[in-house]
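A.B. asks: Quick one, structure for this:
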Amino acid sequence: MKFQTSSILIAFSMLFLCSSTFAQKGKKTNEKEIINITFEGASDDLTELAGIAEAGKGISSPTALPADLFSKNASGDIGIPNNIYGSEDPTTENGGNVYAGIVTYRPGKLAGERSYITIQLMQGKDQITLKKGLTYCVEYAVSLSESSKFANNNLAVYFSKDQPANGETGAIYMAGDHVMKSTLNKVYNGFFGWEKVCNIYTAKGDEKYLTIGNFDRNENTQFQQVKKPKDAEADPITHAYYYIDNIIVRLVDNQSECACYNARPPKVEDNFSMLVFDKTPEVDEKMTLDKKIAAQTIYFREGKKSLSQSAQDNLDYIYEQMESNPEIKIELIGHNDALEIKAGQENEDYIDLDRRRVEVAIRYLVGKGISEERLFKSFKSDTVPSSEIVEDDDQEVKDAKSRRVEFRLKS
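C.D. replies: Now for the predicted structure:
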């Protein structure tokens, strides 16, 4: 819906101007901005983590695990650029001396340990509500901390009538048209520098708060296992932890005014994991030959068919057994995971990875001198779960164990 610019300015400039607590110090306020928060209302004498309550009136953490604040005027755990979770400079877009940080993913039984930032929409001392049917460009900046063992998608903004959670323990799980994710909804895995989470939001008319975080359960969240940079000093922690800054909600006349709106749609492969499962075969002389062969399962990175060094070692063992026992034949059984199958529907590079993996293994053995007539192919896609999967495995580990080629002595 389009409105005349003059009408917008007259009707809404008084209703929706940011309070001085929310605006960056020394920055001109855009007449269409509902909020523009860089956390500069924080106290100059921050001394410990979980200082989000110091960020200014109307900013809080809704759950028992609080968000953190970091400041150029502090040092140690809460300093900028160096702090307990890594090192990051303030954003170059608006500068400032303060940014926040939240936990957006933890695996397994730790899944409920997440933190969030809630902001009350205010004009001065008065609470305001977004106007039904109007369009807003919503964005904030994120940077993954080097302490993170994981990165994830589903970074979002949840608009609500009431303040969510109110200090309760556990994650906030929400869905529906009050939750806004980025146009790409990608896995944000960049350690240094800032990226925008951004999209268009159409108000329903009851929004008095916005909350930033991950509102999806782990099984609906795409995540990657990441390695911290070699020069990072932060200790690795089993979480995804993001620095947060530059939260902006701005009224727009049409979608084209929001720079992120026409961004490239996400591709399935954007969310591929880098995890490769690896298990050293346990073989002893008491085992039968078929069990020795079966122990040599090889594993692959998501979307890939290339052989790791471990896979080559296992294939070398199979070659030695076939060379020593020229009468035996072996069946190679290929598998892939569900995300690879979905990716194959969009990109032919990922079609039939179970077949391609078997073919790569066969070429390796044939290249060492094994006759192809002794090698038999079988393809199972994602229909046969790996025997290595255990109850406590999260989805990423289950998928990593699924991407495999197994070997069976053929009678």
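A.B. asks: Okay, buried residues for stretch 90-107 please.
C.D. replies: Under the neighbour-count criterion of 16 or more other Cβ atoms under 10 Å, stretch 90-107 has 90-91, 94-107 buried. The C-beta positions use only the backbone N, C-alpha and C, and glycine is treated the same way.
A.B. asks: Start and end of that stretch, how far apart?
C.D. replies: 29 Å (Cα to Cα, to the nearest Å).
A.B. asks: How far away from the center of its chain is that stretch?
C.D. replies: Between the mean C-alpha location of stretch 90-107 and the chain-wide mean there is a distance of 15 Å, by Cα atoms, centre = their mean, to the nearest Å.
A.B. asks: Look at the closest residue to Leu409 other than its chain neighbours and tell me its secondary structure.
C.D. replies: Nearest residue to Leu409, sequence neighbours excluded (Cβ to Cβ, 6 or more residues apart in numbering): Asp290, at 3.9 Å. Classification of Asp290 into helix, strand or coil gives helix, according to DSSP: H, G, I helix; E, B strand; the rest coil.
A.B. asks: surely Asp290 meets Arg408?
C.D. replies: Yes. Using Cβ atoms under 8 Å, Asp290 and Arg408 qualify as a contacting pair, with a distance of 7.4 Å.
A.B. asks: which intervals of the chain have sub-threshold pLDDT?
C.D. replies: Under the criterion pLDDT under 70, the flagged ranges of the chain are 1-31, 42-47, 53-56, 93-95, 261-266.
A.B. asks: Glu391 versus the most centrally placed residue in the chain, what's the distance?
C.D. replies: The centroid of the chain falls nearest to Asn152 when counting by Cα atoms, centre = their mean (0.9 Å). As for Asn152, its distance to Glu391 is 22 Å (criterion: Cβ to Cβ, to the nearest Å).
A.B. asks: Other residues contacting stretch 309-324?
C.D. replies: 278, 280-281, 283, 289, 292-293, 296-300, 307, 328, 330, 361, 364-365, 368-370, 374, 407 (Cβ atoms under 8 Å, 6 or more residues apart in numbering).
A.B. asks: rerun that using 7 Å as the cut-off
C.D. replies: Contacts made with stretch 309-324 from outside it, assessed by Cβ atoms under 7 Å, 6 or more residues apart in numbering, are listed as 278, 281, 289, 292-293, 296, 298, 328, 330, 361, 364-365, 368, 370, 374, 407.
A.B. asks: Just the buried residues out of those residues, in ChimeraX syntax.
C.D. replies: Typed into ChimeraX, the line below selects the buried ones among those, using 16+ other Cβ under 10 Å:
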select :292,293,296,298,328,330,361,364,365,370,407
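A.B. asks: Need the max-distance pair from the contacts of stretch 309-324.
C.D. replies: Across the contacts of stretch 309-324, the longest distance by Cβ to Cβ is 26.9 Å; it joins Asp278 and Arg374.
A.B. asks: what about the residue lying closest to Pro62 once chain neighbours are set aside, distance to Thr211?
C.D. replies: With Cβ to Cβ, 6+ apart as the criterion, Pro62 has its nearest non-adjacent residue at 3.9 Å, and that residue is Ala165. Using Cβ to Cβ, one obtains 8 Å as the distance from Ala165 to Thr211.
A.B. asks: Which one of these two is surrounded by more residues?
C.D. replies: Between Ala165 and Thr211, counting by other Cβ atoms under 10 Å, Thr211 is the more crowded of the two (24 against 17).
A.B. asks: How many neighbouring residues does the residue nearest to Leu409 have?
C.D. replies: 15.
A.B. asks: Tyr201 now?
C.D. replies: Here the neighbour count serves as a burial measure; for Tyr201 (other Cβ under 10 Å) it reads 21.
A.B. asks: List the beta-bridge partners for it.
C.D. replies: Beta-bridge pairing of Tyr201 under DSSP bridges involves Tyr136.
A.B. asks: OK, contacts around it?
C.D. replies: By Cβ under 7 Å, 6+ apart, the contact list for Tyr201 reads 136, 138, 159, 180.
A.B. asks: Need those residues in JSON lines (columns: distance to Gln312 and neighbour count).
C.D. replies: As requested, those are arranged in JSON lines below (distance: Cβ to Cβ, whole Å; neighbours: other Cβ atoms under 10 Å):
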{"residue": "Tyr136", "distance to Gln312": "54", "neighbour count": "24"}
{"residue": "Val138", "distance to Gln312": "49", "neighbour count": "24"}
{"residue": "Phe159", "distance to Gln312": "52", "neighbour count": "23"}
{"residue": "Met180", "distance to Gln312": "46", "neighbour count": "19"}
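A.B. asks: so of those residues, which ones are in strands?
C.D. replies: Of the positions in the contacts of Tyr201, 136, 138, 159, 180 sit in strands, assigned by DSSP state E.
A.B. asks: which one in this protein is furthest away from the centre?
C.D. replies: Each residue of the chain has a distance to the centre, and by Cα atoms, centre = their mean the biggest one is for Glu327: 49.8 Å.
A.B. asks: What's the separation between that residue and Arg374?
C.D. replies: Per Cβ to Cβ, Glu327 is found 9 Å from Arg374.
A.B. asks: Then Ser145?
C.D. replies: When Ser145 is compared with Arg374 (using Cβ to Cβ), they lie 52 Å apart.
A.B. asks: Ok, Glu195 next?
C.D. replies: As it turns out, when the distance is counted by Cβ to Cβ, Glu195 lies 51 Å from Arg374.
A.B. asks: just Ala338 next, same as before
C.D. replies: Between Ala338 and Arg374 the computed distance is 32 Å (Cβ to Cβ).
A.B. asks: The strand ranked longest in the chain packs against which elements?
C.D. replies: Under DSSP E, the strand in the chain containing the largest number of residues is strand 240-252. Secondary-structure packing of strand 240-252 (3 or more Cβ pairs under 7 Å, 6 or more residues apart in numbering; DSSP states H and E): helix 5-16, strand 33-37, strand 98-105, strand 135-144, strand 150-152.
A.B. asks: right, and the secondary structure at Glu373 would be what?
C.D. replies: Applying three-state DSSP to Glu373 yields a three-state assignment of helix.
A.B. asks: right, I mislabeled it, should have said Tyr364
C.D. replies: Here Tyr364 is helix, with the state taken from three-state DSSP.
A.B. asks: for the closest residue to it other than its chain neighbours, phi and psi?
C.D. replies: Nearest in space to Tyr364, with sequence neighbours left out and distances taken as Cβ to Cβ, 6+ apart, is Leu315 at 5.2 Å. The phi/psi pair for Leu315 (degrees, to the nearest 10) reads phi -70, psi -30.
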